[in-house]
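[1] Just the structure for this:
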Amino acid sequence: MIVFRSLSGISKFLYKPANIQSVRPFVSSLEHVLDLSGVFPPIPTPFTDKEDIDWTSLKENLKKWEQIDFRGYVVQGSNGEYVLLSHKERVDMVSFVRKNTGVDKLIIAGSACEGTRETLELTNKMADVGADVALIATPSFFKNKMNTNAMIQHYTMIANHSSIPILLYNVPSNTGIDFPLDAIFELAKHPNIYGLKDSGGNIANIAHVKQMTKHENFQIIAGSASFLMPAMQIGAVGGICALANVLGKECCDLYSSILAGKFEEARDLQLALIAPNQAVTRKYNVPGLKYAMDMAGFYGGPCRLPLTKLSNAEAKDVEDSFLGFL
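    Numbers count the residues shown, from 1 in each chain. You can find the predicted model right below:
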């Protein structure tokens, strides 16, 4: 079944008509389109020392994040360590965040699995518990077979039968696959595929996608605070930024300055955020992010194995990267 871009089509319970809910404020009643603009933190999954999900700490983190002008939250993205969680845990995370955040907040759920059928099943389970959009990274185990045709078939099958809109996810640093541009151009035509989160950081590619999809209702979201400004200047509508978990106000200030045309102010803040952003992404990834969250008064805590905590030297580097902010 294809889910069409209409007010009824974006209801998370479309495939169960009796359960259709009213449309939330992030949907334009005039244009009948989903608005993905703004800043979203891809929230980490907090664990106890025994590697169980720490629901109490998650609730405390959410209380603090709710004081920041976020557009919503990404739950079970890369920073949520989703590949290390069971399907039940992933669904439970989405359910918990939905219940503990405002109705005006958009919940983007990471539902990627290696198999198409498995991804679709998890997507609809997440929709059942409150996800508004599904963020789906490229399958990557069979890398040499993940060509343009495979990507088009994979995402088309999911989008045809998903009860919520789909957001493509390009994250080559984790998957080892750069989403084929030809596949993106074709998938952008699908009525239930609303955009792309690009974490690759190739501004030329982002510009190419923007140009080739300009006649579609297809939105681009920067996947890192390190290139939020240049991405927005060529048409991205916002950012899903790991750094926002720690420096949420600063990321939102950057976004607002760009929208307001305060480019000198935005440029200075963009440059200042490069070092802390690299510390919690490319350099130290989730362990670095969780350490920085602990520094900032959030609960970061441990990761699940095989991710290990930072060495003393790495921790010192993270601390130095946040000088002037924390």
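[2] For the residue nearest to Ile43 when sequence neighbours are not counted, give me its contacts.
    Leaving out its chain neighbours, the residue that sits closest to Ile43 by C-beta to C-beta, 6 or more residues apart in numbering is Tyr73, at 5.6 Å. (C-beta placed from N, C-alpha, C; glycine too.) With contacts taken as C-beta atoms under 8 Å, 6 or more residues apart in numbering, Tyr73 has the following neighbours: Phe40, Pro41, Pro42, Ile43, Trp65, Val97, Thr101, Lys105, Leu106, Ile107, Ile108.
[3] How about Thr119?
    Ser111, Ala112, Cys113, Ile136, Pro139, His154, Ile158.
[4] Equivalent analysis for Val318, please.
    Counted by C-beta under 8 Å, 6+ apart, Val318 has contacts Ala279, Val280, Tyr284, Gly288, Tyr291, Ala292, Met295, Leu310.
[5] tell me which element it is part of?
    In the assignment (DSSP states H and E), Val318 maps to helix 312-321.
[6] Mind listing what's buried along that helix?
    Of the residues in helix 312-321, those scored as buried under the neighbour-count criterion (16 or more other C-beta atoms under 10 Å) are Glu314, Ala315, Asp317, Val318, Ser321.
[7] Give me the pLDDT value at the fourth one.
    If I follow you right, that is Val318. We have a pLDDT of 99 for Val318.
[8] got it, and Val33?
    The model's pLDDT for Val33 equals 71.
[9] Can you verify my assumption that it contacts Asn217?
    Yes: with contact taken as C-beta atoms under 8 Å, Val33 and Asn217 are classed as touching, separated by 5.4 Å.
[10] could you point out which element follows the helix or strand of the chain with the lowest mean pLDDT?
    When each helix and strand of the chain is scored by mean pLDDT, DSSP states H and E, helix 172-175 comes last, with a mean of 95. The first helix or strand that comes after helix 172-175 along the chain, using DSSP H and E, is helix 181-187.
[11] three-state assignment of Val91?
    Three-state assignment for Val91 (DSSP: H, G, I helix; E, B strand; the rest coil): helix.
[12] For it, grab the count of nearby residues.
    Around Val91 there are 21 other residues, counting by other C-beta atoms under 10 Å.
[13] try Lys59
    Other residues lying near Lys59 total 15 when counted by other C-beta under 10 Å.
[14] Next: Thr156.
    19.
[15] any idea how far the closest residue to it other than its chain neighbours is from Ile164?
    Taking C-beta to C-beta, 6+ apart as the measure, Thr156 lies nearest to His190, with 6.4 Å between them; neighbours along the chain are not counted. Separation of His190 from Ile164 (C-beta to C-beta, to the nearest Å): 14 Å.
[16] higher neighbour count, these two?
    For His190 versus Ile164, the count of surrounding residues by other C-beta under 10 Å is larger for Ile164: 29 against 20.
[17] And the contacts of Thr119, which is closest to Ile177?
    Ranking those by separation from Ile177, with C-beta to C-beta as the measure, puts Pro139 on top at 8.4 Å.
[18] Give me the neighbour count for that closest one.
    A count of nearby residues for Pro139, using other C-beta under 10 Å, gives 22.
[19] cool, Lys214 as well?
    Lys214 is flanked by 10 other residues according to other C-beta under 10 Å.
[20] how close does it sit to Ala207?
    In this structure, Lys214 and Ala207 are 11 Å apart, going by C-beta to C-beta.
[21] next one: Ser224
    Noted for Ser224: a distance of 16 Å to Ala207, by C-beta to C-beta.
[22] Please report phi then psi for Leu106.
    phi -80, psi 130 (degrees, to the nearest 10).
[23] what does Gly297 give?
    Given degrees, to the nearest 10, the pair of backbone angles that Gly297 has is phi 100, psi 0.
[24] Got phi/psi on the closest residue to it other than its chain neighbours?
    What sits nearest to Gly297 in space, not counting adjacent residues and going by C-beta to C-beta, 6+ apart, is Lys64, at 7.6 Å. Backbone torsions of Lys64, given as degrees, to the nearest 10, read phi -70, psi -40.
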